[in-house]
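> this one's structure only:
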């Protein structure tokens, strides 16, 4: 089976990733750009296949990707996705982000928020602000629930000086709240 | 001012995600905390009962409760912070008579600036709001309020068996210096009134109303 990705944009946002099902020993060709990589997702575990380095990549480069022996179990759910290198680095440190980014528009009650607040807490307790920063850089405000738009900033504001992307995220949240017709200044009171 | 109580035939289903709860303990003493809906959908009380005691107890209908002045999304975030605080401080937090020095980090861990600082039931609630950059009391406006030395002395006498000598020495020092008392009804009023943070004059009338209700 061969899956051909036709992607003309220079960067693929997470929500624009394409998936197709692969069988074992499949080969895939796709269009990659700088610092993107192809990966296979075996159930919920992302496995990197290749990275395109800046020296070799061009917007029109087409690279053959070979995915071999993904799993011996033929019933395994295997999908093919394209991610940025940033995302892969983030995923390596915090695998829970995969589920978070899939669910983030629907995380809007204590039950669904609490596990992620604990995970973010742990990054802070560990002093892993680099991963926190990667996480904030990957947040797409358009896809975040209203609670997450406000809550992630409040949860982490004490460490905003350790998280360079925090301020940029605050600005994006302010714009997004306005786009949703909400009183951003009132909702973000105390965070500026 | 909308208020609810088990004595008024209200139940946990009338709690709107998170609210401030207060009850009369005796003629000179009220106690407060926060009712919130936890991850299992149960309404729980998060409060500071005493020196290093469990912060979480079941819904108690003997409390009166009042909606807090937060938008719906921030209420859900705040309720999650309540659950986080209960989870991150399983042994409770120290009791102390002074607001300053005893605070939570944003992620719910009690992390006092002063080693032997502690919180009352009222400053516990105020500090939870402050930890999320949602200050409800303006500390600078309370500085001129005379300390309640009689109440504070009584509390420290009661706490003496639970304190280490170092803890008692620190708290006695704060008593001598003069520590502002934030009363439960004042902090309850500060949580329910719009446009926080509030000073003592802002909350005085509402606090009196609360006392008359409970």
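Nice, thanks for sending it over. Everything numeric in this text was worked out from a predicted model, so none of it was measured.
> okay, CA-based contacts and neighbour counts for the rest of this
Noted.
> residues from chain B in reach of chain A?
Residues of chain B found near chain A, taking CA under 8 Å from any CA of the partner chain as the criterion, are B:37-41, B:71, B:73-74, B:76-77, B:79-80, B:83-84, B:105-107, B:132-134.
> what does the pLDDT read for residue B:104?
If you check residue B:104, the pLDDT there is 74.
> rewinding a little: so which of the residues of chain B next to chain A belong to strands?
The strands in this structure, assigned by DSSP state E, contain residue B:37 from the residues of chain B next to chain A.
> quick one, which of the residues of chain B next to chain A are buried?
By neighbour count, with 16 or more other CA atoms under 10 Å in any protein chain shown, the residues of chain B next to chain A hold B:37-39, B:73-74, B:76-77, B:79-80, B:83-84, B:105-107, B:132-134 as buried.
> leaving out sequence neighbours, find the closest residue to residue B:71.
residue A:187 (7.5 Å; CA to CA, 6 or more residues apart in numbering or on different chains).
> correct me if wrong: that neighbour contacts residue A:151.
No - contact status for residue A:187 versus residue A:151: not in contact, 10.5 Å apart, counting by CA atoms under 8 Å.
> how about the residue of chain B found nearest chain A: what's its closest non-neighbour residue?
Here chain B gets closest to chain A at one residue, residue B:39, 3.9 Å apart by CA to the nearest CA. In space, residue B:39 comes closest to residue A:111 once its chain neighbours are excluded; the distance is 3.9 Å by CA to CA, 6+ apart.
> one more: residue A:175?
residue A:184 (7.9 Å).
> ok, the one you found touching residue A:171?
No - using CA under 8 Å, residue A:184 is not in contact with residue A:171, being 10.2 Å away.
> these two: which is more packed in?
residue A:184 (17 against 11; other CA atoms under 10 Å in any protein chain shown).
> tell me the contacts of that one?
For residue A:184, the contact set (CA atoms under 8 Å, 6 or more residues apart in numbering or on different chains) comprises A:174-175, A:177-178.
> export these to a markdown table and append columns for neighbour count, pLDDT and secondary structure.
Compiled in a markdown table, the contacts of residue A:184 are given as follows (neighbours: other CA atoms under 10 Å in any protein chain shown; pLDDT from 0 to 100; DSSP: H, G, I helix; E, B strand; the rest coil):
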| residue | neighbour count | pLDDT | secondary structure |
| --- | --- | --- | --- |
| A:174 | 20 | 98 | helix |
| A:175 | 16 | 97 | helix |
| A:177 | 20 | 98 | helix |
| A:178 | 13 | 97 | helix |
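> tell me which two of these sit farthest apart.
Distance extremes for the contacts of residue A:184: the farthest pair is A:174 and A:178 at 6.3 Å, using CA to CA.
> quick one on the thing from earlier: please say which of residue A:187 and residue A:151 ends up with more neighbours.
residue A:151 (25 against 17).
> ok, back up a step: tell me how far the residue nearest to residue A:175 lies from chain B.
From residue A:184 over to chain B the distance is 11 Å, taken as CA to the nearest CA, to the nearest Å.
> pLDDT at that residue, what is it?
96.
> list the contacts of the helix or strand where residue B:86 lies.
Element membership for residue B:86 (DSSP states H and E) is helix B:72-88. Outside helix B:72-88, the residues that touch it by CA under 8 Å, 6+ apart are A:108-110, A:113-114, A:117-118, A:146-148, A:150-151, A:187, B:17-18, B:36-39, B:46, B:55-56, B:107-109.
> ok, now stretch A:162-172?
Here stretch A:162-172 has contacts from A:129-130, A:132-134, A:136-137, A:139, A:141, A:153, A:157, A:160, using CA under 8 Å, 6+ apart.
> for residue 15, give me the pLDDT.
I'll assume chain A. pLDDT recorded at residue A:15 is 32.
> nope, chain B
Residue B:15 is assigned 95 on the pLDDT scale.
> contact partners for residue B:182?
With contact set as CA under 8 Å, 6+ apart, residue B:182 has these partners: B:99, B:122-123.
> can you flag which of the residues you listed belong to helices?
B:122-123 (DSSP state H).
> who's residue B:20 bridged to?
residue B:34, residue B:66 (DSSP bridges).
> residues contacting residue B:143?
Residues in contact with residue B:143 (CA under 8 Å, 6+ apart) are residue B:180.
> which non-adjacent residue is nearest residue B:208?
Setting aside the residues directly before and after it, residue B:208 is nearest to residue B:185 in space (CA to CA, 6+ apart), at 7.7 Å.
> would you list the phi and psi of the residue with the largest distance to the centre of chain B?
What lies farthest from the middle of chain B is residue B:165; by CA atoms, centre = their mean that is 25.5 Å. Dihedral angles phi and psi of residue B:165 (degrees, to the nearest 10) take the values phi -60, psi -40.
> for residue A:136, see how far away it is.
For residue B:165, the distance to residue A:136 (CA to CA, to the nearest Å) stands at 45 Å.
> now swap in residue B:153 and tell me
The gap separating residue B:153 from residue A:136 is 48 Å, by CA to CA.
> distance of the residue nearest to residue B:90 when sequence neighbours are not counted relative to residue A:146?
Excluding the flanking residues, the one nearest residue B:90 by CA to CA, 6+ apart is residue B:54, at 6.6 Å. To residue A:146, residue B:54 is 32 Å away according to CA to CA.
> OK, contacts around residue A:144?
A:104-106.
> switch the cut-off to 10 Å
A:100-101, A:103-108, A:150, A:173, A:176 (CA atoms under 10 Å, 6 or more residues apart in numbering or on different chains).
> filter these down to just the buried residues.
Using 16+ other CA under 10 Å, the buried ones in the contacts of residue A:144 are A:100-101, A:104-108, A:150, A:173, A:176.
> let me see the ranges of the strands in chain B.
Under DSSP E, chain B gives strands at B:3-5, B:18-26, B:29-37, B:43-47, B:56-58, B:64-67.
> now the residue of chain A found nearest chain B: which helix or strand?
The nearest approach of chain A to chain B comes at residue A:111, 3.9 Å away (CA to the nearest CA). Here residue A:111, judged by DSSP H and E, is contained in helix A:110-125.
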